[in-house]
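> A predicted structure for the sequence below; I have some questions about it.
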Amino acid sequence: MIGFFAAISAVLSWTFACSIWRRESEKLLPRQINIYKNVLASIFFLPVVLTITWFSDVFSIIVLMISGIIGISIGDTLYINSLKIIGTRKTLSFEALTPLIATTLGTFSIDEIYPQKVWIGSLIVSFSLFMIVRQNTFQKEDSKQINILGILCALGSVLCAVLAALLSRIILISSTLTPLQTTEIRLLSASIFLFLIFKKDFLNLLNNRSITKQNHSNLILSTLLGTNFGILFQQMVFKFLPIGIGWTLLSLSPVFALFISKREGDEINKLTIFYSFLSFIGVAITLS
């Protein structure tokens, strides 16, 4: 049950944070938002550093650092860039693939054996999420207008997220590191990586007088929700649940995003409600 509630908490945190990041991406570069939130998030959790015995399990820490760079530095930058280019709904449509990708990757890479019901549930969730997104984007936008860069960013962010999650899962089940400790290690490595590459962008952001106090407040709130609590809850999920089941739960963002759909100009119709209900049936089958 801990894994289940952690997954729902992570989804809620990400959903509201993504809404804020999309608005702020109209004024800031995606990489600026990513480095801002990760540096700030690592500072918030900085006291956790004192609880980590850095030289006792060097291999695990190195793997988590790689996970942070892949999932947070690269993956989140691609994700925010995708939000800016093709919007929240289309970006989330590609995230609908994560349950199937994660289940497949977990099976072939770390020998997690899933019963047939998990595959069926993952397939139902992926299908339902895609149809939810389809109801809210393709009706409004010309589907013939394909932005290749946005699609590549969305696909790249999905692959980075699943690979990073797999690395985290391996360490969480094979070492004594806690979800909170693994969260801070990943955040620190991601922050250092981003700062070294985009140092100029970060300094320009701090010196940018056009960024208002409201912008900073929004970024701080979204950092606490989507980065600190979001990643912490995610790590708890991968501590207590197999990666395939965990990602099936974590992929419910489009369903929860319906609660903020009016603010983003989306309409909810009967089919959207039906597919939302169907996605929960898929989750129920997976967890049964």
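Done, it's in. Numbers count the residues shown, from 1 in each chain.
> So which residues of the stretch 101-250 of the chain form helices?
Taking DSSP state H, counting those that start in this stretch, the helices of the stretch 101-250 of the chain run over residues 116-137, 148-174, 179-207, 213-222, 230-240, 243-250.
> Could you dump those helices into TSV and include distance to Phe280, mean neighbour count and mean pLDDT?
Where you see a C-beta, it was placed from the backbone N, CA and C, and this is true even at glycine. Compiled in TSV, these are given as follows (distance: least, C-beta to C-beta, whole Å; neighbours: other C-beta atoms under 10 Å; pLDDT from 0 to 100):
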stretch	distance to Phe280	mean neighbour count	mean pLDDT
helix 116-137	9	21	79
helix 148-174	22	20	89
helix 179-207	25	19	87
helix 213-222	26	15	87
helix 230-240	17	25	91
helix 243-250	11	27	85
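> Among those, which comes closest to Ala7?
Nearest to Ala7, of all those, is helix 243-250, at 3.6 Å by C-beta to C-beta.
> Check which helices and strands the helix or strand just after the closest one sits against.
Later in the chain than helix 243-250, the nearest helix or strand by DSSP states H and E is helix 253-256. The contact analysis (3 or more C-beta pairs under 8 Å, 6 or more residues apart in numbering; DSSP states H and E) places helix 253-256 against helix 2-24, helix 76-95, helix 116-137, helix 270-287.
> Including distance to Thr212, could those go into JSON lines?
Shown next, in JSON lines, are the helices and strands packed on helix 253-256 (distance: least, C-beta to C-beta, whole Å):
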{"stretch": "helix 2-24", "distance to Thr212": "11"}
{"stretch": "helix 76-95", "distance to Thr212": "19"}
{"stretch": "helix 116-137", "distance to Thr212": "30"}
{"stretch": "helix 270-287", "distance to Thr212": "35"}
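> Can you give me the end-to-end span of stretch 54-63?
Start-to-end span of stretch 54-63 (C-alpha to C-alpha, to the nearest Å) is 13 Å.
> Put together a markdown table for the helices of the stretch 101-250 of the chain, with distance to Glu24 on each row.
Output for these, formatted as a markdown table (distance: least, C-beta to C-beta, whole Å):
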| stretch | distance to Glu24 |
| --- | --- |
| helix 116-137 | 21 |
| helix 148-174 | 17 |
| helix 179-207 | 11 |
| helix 213-222 | 6 |
| helix 230-240 | 16 |
| helix 243-250 | 23 |
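> Relative to Ser191, which of the helices and strands packed on helix 253-256 is closest?
Among these, the nearest to Ser191 by C-beta to C-beta is helix 76-95 (11.4 Å).
> hmm, back to that, of the helices of the stretch 101-250 of the chain, which is nearest Ile101?
Using C-beta to C-beta, the nearest of the helices of the stretch 101-250 of the chain to Ile101 is helix 148-174, at 5.1 Å.
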